[in-house]
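Asker: the amino acid sequence is not available; the structure is as follows:
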């Protein structure tokens with residue numbers, strides 16, 4: 001929806017056309033990219049689409065991204081698969097100038113991974129994995145979601161549509177708009 005940093009050199013603002021979970025063979029799956037996790041109404045749009053499994057895509061899942069991913073799971077009462085990339089200095093494109101602190105450290109981590117699986121209670125089902133390539137897996141019991149939503153349902157009991165109205169414009173943006 002909103003390009004960040006150098007993404008703005010290539011991408012423009014997106015629309016909310018796909019801002020909803022979709023039915024798949026494994027459940028209703030949705031996702032957000034990076035800083036979109038801090039847009040409260042984007043989170044709300046995903047939660048109201050009955051998301052069961054959320055893909056939280058990050059460049060790397062450092063501490064604050066772990067916090068955001070765990071909070072997302074707790075708030076949305078869904079499973080979160082937080083995915084972070086791995087990259088060492090030696091893997092950086094040669095066309096890019098390396099930051100001075102990495103000049104003599106080819107093994108240093110630029111992106112440390114941090115991929116994890118988080119349950120709808122906000123606790124890890126699979127702890128974060130840093131600085132190594134490893135398959136991160138867990139068995140997700142979607143039947144637990146109803147019970148979790150009995151405890152907290154931000155798009156049900158706690159939504160209060162009598163007080164708050166949210167309009168999500170899912171029309172495609174065009175170049176003329």
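Answerer: Arrived safely, thanks for sending. Small disclaimer: the values here were computed from a predicted structure and weren't measured.
Asker: over to residue 101. Which of the three states is it?
Answerer: What DSSP: H, G, I helix; E, B strand; the rest coil gives for residue 101 is helix.
Asker: the helices in this protein, which residues?
Answerer: Here the chain has its helices, by DSSP state H, at 40-48, 63-76, 144-151.
Asker: under the pLDDT cut-off, which ranges of this protein? List them.
Answerer: 175-177 (pLDDT under 70).
Asker: residues contacting the residue nearest the centre of it?
Answerer: Nearest residue to the geometric centre of the chain (C-alpha atoms, centre = their mean): residue 56, 1.9 Å. If you count contacts by C-beta atoms under 8 Å, 6 or more residues apart in numbering, residue 56 has them with 31-32, 37, 65, 68-69, 72, 80-83. (C-beta placed from N, C-alpha, C; glycine too.)
Asker: ok, the closest residue to residue 55 other than its chain neighbours to residue 53 distance?
Answerer: Spatial nearest neighbour of residue 55, chain neighbours left out: residue 31 (3.4 Å); criterion: C-beta to C-beta, 6 or more residues apart in numbering. Here residue 31 is placed at a distance of 9 Å from residue 53 (C-beta to C-beta, to the nearest Å).
Asker: cool, and residue 162?
Answerer: Noted for residue 162: a distance of 30 Å to residue 53, by C-beta to C-beta.
Asker: next: residue 102.
Answerer: 36 Å.
Asker: of those two, who's got more company?
Answerer: residue 53 (20 against 16; other C-beta atoms under 10 Å).
Asker: quick check: that one touching residue 23?
Answerer: No: assessed by C-beta atoms under 8 Å, residue 53 is found out of contact with residue 23, at 11.2 Å.
Asker: circling back: these two touch, right, the residue nearest to residue 55 and residue 69?
Answerer: No: judged on C-beta under 8 Å, residue 31 makes no contact with residue 69 at a distance of 11.4 Å.
Asker: neighbour-wise, which of those two wins?
Answerer: More neighbours surround residue 69 than the other of residue 31 and residue 69, with 28 against 18 (other C-beta under 10 Å).
Asker: give me the nearest residue to that one, chain neighbours excluded.
Answerer: Of all residues not flanking residue 69 in the chain, residue 82 sits nearest, at 4.1 Å (C-beta to C-beta, 6+ apart).
Asker: what's the burial count for the one you found?
Answerer: Neighbours of residue 82 using other C-beta under 10 Å come to 27.
Asker: and if you look at residue 146?
Answerer: There are 10 residues near residue 146, going by other C-beta under 10 Å.
Asker: same thing with residue 89?
Answerer: Residue 89 has 17 neighbours, counted by other C-beta under 10 Å.
Asker: any idea how far it lies from residue 95?
Answerer: For residue 89, the distance to residue 95 equals 14 Å [C-beta to C-beta].
Asker: perfect, that will be all.
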